[in-house]
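Visitor: Sequence first, then the predicted structure:
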Amino acid sequence: MLADILTSLFPHGHDVVLEEGLLAGHGKRPNGDALIVVGVDGRLPVGIEQAAWLSRKVLDAIEAGGNEPILVLIDSDSQRMSKRDELLGISEFLAHLGKCLIYADRKGHATIGLLYGHTAAGAFIATALATRTLVALPGAEPAVMDLPSMSRVTKLSLEVLQEKAKSTPVFAPGLDNLAQTGAVATVLDPGQSLADQLEGLLIASASAQPDTRDLLGKKRKGRPKAADIAERVYELARASV
Amino acid sequence: MNTKVSSSAAYEMSARLAASWYEASARQRLAGLLDESSFEEFIGPEQRETSPHLAQFDLPEQFDDGMIVGRGRLNGERVLVAAQEGRFMGGAFGEVHGAKLTGLLRAAREIGSVPVLILFDTGGVRLQEANAGELAIAEIMLALIDARLAGVPVIGLIGGRAGCYGGGSLIAGCCSALAVSEQGRISVSGPEVIETNRGVEEFDSKDRALVWRTMGGKHRRLVGGAEVFVDDTMASFRDAATYLIQHSPALDASMLEAEQSRLEQRTKRFGHLEDALDIWQSMGARDAQAIPGMAYEDFVVLADQLEEPRHDAR
Amino acid sequence: MEKLNYRHVAASRAKGEKHQAVVGVVASGNLEVLVERSLPERECEVDIRTAAEGFGEVWQAVVADFVERRSPGGLKFSINDGGARPDMVALRLAQAARAVEGEPV
């Protein structure tokens, strides 16, 4: 599936290599320009080694200068859950990865996330949600937490959660919900050329814009208050100092 | 008469500054941290901007949704502040809660000259609003980095009952610097989550000593997860905040490279070790077992002695 | 969730000039009280949202007792309750009144 996605994204060629569930390389855009690719495949949990490997690739792009966009392909599990990862401070590794992606974006490498599989929790935040524009393929399954786990933690039955999920997109897993809340900008059409759709996204996101995911969430009725609250605090803070 | 009044006021002030950070509410922490009567809240509780999602779960709301933002002064200097109430819904990030911090950080970037203090006390994302909470965390991280790129120090203070878990720990990792007390914990996956997913042999969430050795303030200070270890008092947090604002290096490519190196080194040095005790021993602590029980002053001295390389890359 | 509301006549105006205060936290066994000086001087109102249903009579008694003792004229108390016991409710109401009257809480 990944191979097909890469071929559809880069009909003019790519050198992306998959190594123990992690992706890196370059793809060619229609005009011959290069695009940097990093990612996680095969629903791999993101542990400290994976996070450090990915952030190294992003730093390489920053060090090399230039302004190639960075495409982040995602089919991961959540962060790796283990005593060892926490002992060694996985929060710092994931934060660092997010920082590198955000920094790269702010310094001329527009970042695009393409979610084609799963992602969850801390891995979701450090990869997909750390990009300027996040898109997905149909069938992608982003989640904060799976419903059975949510049921255990909240002490609400799975049936109750499933029922409530029918009337609000604000907590349950799923692409539609994450689109409605403003996280996912667009769902791509696998029936059309992914290369064309990617090119359209790159052109549209070519210049850095403010983060408008909260406005998108408001428009799509997934997050009715976030944009307004943030705006009000912003205005009050600016007026106060 | 005057002497009596002023010594009583002085007594009250020193009692205030000696008060426990851990036991305090978010509002009490702000009162203890900032200069007296300097705090001005943005969207206070009288605005009643509560969560639009809790009612359908039959859960009570809080007027400030567990996040207090505003401005104040620290030793006369202006600061922007955000404080989480760890006892309301575990201090977890909901839609309104998160949006307040997002707006504050976006303003900080525009203002450029006023530092931000984030008083973390959070279990992570509020599950009843999971998608909104997760997105809020991503938006906060972006706004925080933008503020740092504009030269704004963003200092994290960690020492509350809920700790700094989940997405909160990722935000903390984006701060310019962190101060943590013994009571503080920083971790992405919480003890119960690790145990549920991987079994009690992997992590016994009921073993408090294990939790604190693995995620607690002392370990984070030693392994480089936080810059400063503080005592559980308002005064200690105040001093740390003041110090860290002054010692907040810029965020640039060389800082990110330094952090990459620091994290890779950590994995290399300690990645094969089983437990925090082994890590501390490997760092040169002669009596690792004694560290959890060490008093504040003694621990600070030890941490400064063991520290190598310097942890100033964040 | 249950909503309750009580209006009383107060013997006198609450002291001081502070316009509002907030005490407490919404958590199990706890409650938040927002107090605002927003009513005519001899009126008092207590507006409650509580997770613990069916305790209307207890609330009524606690509130009536508080108004009697404290004369919180002009004050509106808005409560978000996480299931606190009557003594905790009485404590928070008293703290809120002291806070808005400018006394140490």
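Guide: Happy to help now that I have it.
Visitor: Report how many residues lie close to the residue of chain A found nearest chain C.
Guide: Evaluated by C-beta to the nearest C-beta, chain A has residue A:155 as its residue closest to chain C, separated by 12.9 Å. In this view, the C-beta of every residue, glycine as well, is placed from N, C-alpha and C. Residues lying near residue A:155 (other C-beta atoms under 10 Å in any protein chain shown) number 7.
Visitor: swap in the one 3 residues further on?
Guide: Residue A:158 has 12 neighbouring residues, counting by other C-beta under 10 Å.
Visitor: Give me the nearest residue to it, chain neighbours excluded.
Guide: The shortest distance from residue A:158 to any residue that is not its chain neighbour, by C-beta to C-beta, 6 or more residues apart in numbering or on different chains, is 4.7 Å, and that residue is residue A:151.
Visitor: Helix, strand, or coil at the one you found?
Guide: helix (DSSP: H, G, I helix; E, B strand; the rest coil).
Visitor: Over to residue B:72?
Guide: Under the three-state scheme (three-state DSSP), the conformation of residue B:72 reads as strand.
Visitor: now it, nearest residue through space, not along the chain?
Guide: Nearest-residue entry for residue B:72: residue B:34, 3.8 Å, with adjacent residues in sequence omitted and distances by C-beta to C-beta, 6+ apart.
Visitor: Just list the residues touching that neighbour, thanks.
Guide: For residue B:34, the contact set (C-beta atoms under 8 Å, 6 or more residues apart in numbering or on different chains) comprises B:72, B:73, B:74, B:79, B:81.
Visitor: How about residues contacting the helix or strand hosting residue A:178?
Guide: Of the helices and strands defined by DSSP states H and E, residue A:178 is found in helix A:175-180. Residues external to helix A:175-180 that are found in contact with it (C-beta under 8 Å, 6+ apart): A:115, A:136, A:138-142, A:165, A:169-171, A:184, A:187, A:217, A:220-222, B:131.
Visitor: Tell me where chain C has helices.
Guide: Taking DSSP state H as the test, the helices found in chain C are C:56-70, C:86-100.
Visitor: ignore the last one, chain A
Guide: Secondary structure of chain A (DSSP H): helices located at A:2-9, A:48-64, A:83-87, A:90-106, A:121-126, A:147-154, A:158-165, A:175-180, A:194-204, A:213-219, A:226-240.
Visitor: Residue A:35 against residue A:72, yeah?
Guide: No: here residue A:35 lies out of contact with residue A:72, judged by C-beta atoms under 8 Å, at a distance of 11.2 Å.
Visitor: for chain B, what are the nearby residues on chain C?
Guide: When proximity is defined as C-beta under 8 Å from any C-beta of the partner chain, chain C approaches chain B at C:1, C:20, C:22, C:25-27, C:30, C:32, C:34, C:36, C:49-51, C:78, C:80-82.
Visitor: In chain A, which residue is most central in space?
Guide: When C-alpha atoms, centre = their mean is applied to chain A, the residue found nearest the centroid is residue A:128 (1.1 Å).
Visitor: Correct me if wrong: that residue contacts residue A:142.
Guide: Yes: in this structure, residue A:128 sits in contact with residue A:142. The criterion is C-beta under 8 Å, and the distance is 6.9 Å.
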